[in-house]
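S.K.: Give me coordinates for this.
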Amino acid sequence: MFYKDERLALFIDGSNLYAAAKSLGFDIDYKLLRQEFMRRGKLLRAFYYTALLENDEYSPIRPLVDWLHYNGFTMVTKAAKEYTDSQGRRKVKGNMDIELAVNAMELAPHVDHIVLFSGDGDFRPLVESLQRQGVRVSVVSTIRSQPPMISDELRRQADNFIELDGLREVIGRPPRDPLPEHNRESEMADD
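M.R.: Just a heads-up that it's a prediction; the model follows:
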């Protein structure tokens, strides 16, 4: 439930939201996402949290980070740490939970409603604390994936659970046609 006059802030756990949308088979159009929540209330801030590999020549997430930064999102990034696990596999660690929690606690006195885009159960104490401060908290994730991308504890703690799959029509990017129509027709003619 949203009220037109309430002050809103979005907190997007980038890797968690990406994984949830991918598990549902769609990409998020962040311009549409921002517009949707501007429509639902007075959007004060839209934070996006992600770790970046700084030493790579090209990071696949860099164009998204740049676009979001120029289009009304407050970007919170940090360098991901690379390490080799006990089996010799290259791993990347870039947890942004603390940054998200600190920002949410700082903003709590200035908002009525926080929308958390994450299913990470580690955020349950944060949600509980925000609620004690009088802030309503909606959590966006999915239970329609296998396994579900939201922890039961977080879902129960939230004032409102928003199924990500239910937002697909509103914030989903149209699927890309893998082959343009004219090419498909010419391929059929060659058969």
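S.K.: what about the protein, any weak spots by pLDDT?
M.R.: For the chain, the stretches with pLDDT under 70 are 55-58, 175-191.
S.K.: Could you rerun that using 80?
M.R.: Where the chain drops to pLDDT under 80, the residues are 53-60, 82, 90-93, 174-191.
S.K.: That one: strands as residue ranges?
M.R.: Secondary structure of the chain (DSSP state E): strands at 7-13, 42-52, 74-79, 81-84, 90-93, 113-117, 136-141, 160-163.
S.K.: show me where this structure has helices.
M.R.: 14-24, 30-40, 62-70, 97-107, 124-132, 152-157, 168-171, 181-190 (DSSP state H).
S.K.: Dump these to CSV, plus distance to F117 and mean neighbour count.
M.R.: For glycine as for every other residue, the C-beta is placed from the backbone atoms N, C-alpha and C. Below are those laid out as CSV (distance: least, C-beta to C-beta, whole Å; neighbours: other C-beta atoms under 10 Å):
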stretch, distance to F117, mean neighbour count
helix 14-24, 5, 20
helix 30-40, 9, 16
helix 62-70, 13, 14
helix 97-107, 10, 16
helix 124-132, 13, 17
helix 152-157, 12, 16
helix 168-171, 10, 14
helix 181-190, 35, 9
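S.K.: Of all those helices, which one is nearest F2?
M.R.: Closest to F2 of those, according to C-beta to C-beta: helix 30-40, at 4.0 Å.
S.K.: measure the nearest residue to T77 once chain neighbours are set aside to R168 for me?
M.R.: Closest residue to T77 apart from its sequence neighbours, by C-beta to C-beta, 6 or more residues apart in numbering: L52 at 5.2 Å. L52 is 27 Å from R168, where distance means C-beta to C-beta, to the nearest Å.
S.K.: Repeat that for L33.
M.R.: 11 Å.
S.K.: cool, and N16?
M.R.: Taking C-beta to C-beta, one finds N16 at 17 Å from R168.
S.K.: Equivalent analysis for A80, please.
M.R.: A80 sits 29 Å away from R168, going by C-beta to C-beta.
S.K.: Might you report the residue contacts of the residue nearest to G72 when sequence neighbours are not counted?
M.R.: Distances taken as C-beta to C-beta, 6+ apart place R34 nearest to G72, at 5.9 Å, with adjacent residues excluded. By C-beta atoms under 8 Å, 6 or more residues apart in numbering, the contact set of R34 is 10, 43, 46, 71-73.
S.K.: residues near the nearest residue to N95 once chain neighbours are set aside, how many?
M.R.: Among residues not flanking N95 along the chain, A51 sits closest, at 7.4 Å (C-beta to C-beta, 6+ apart). A51 has 20 neighbouring residues, counting by other C-beta atoms under 10 Å.
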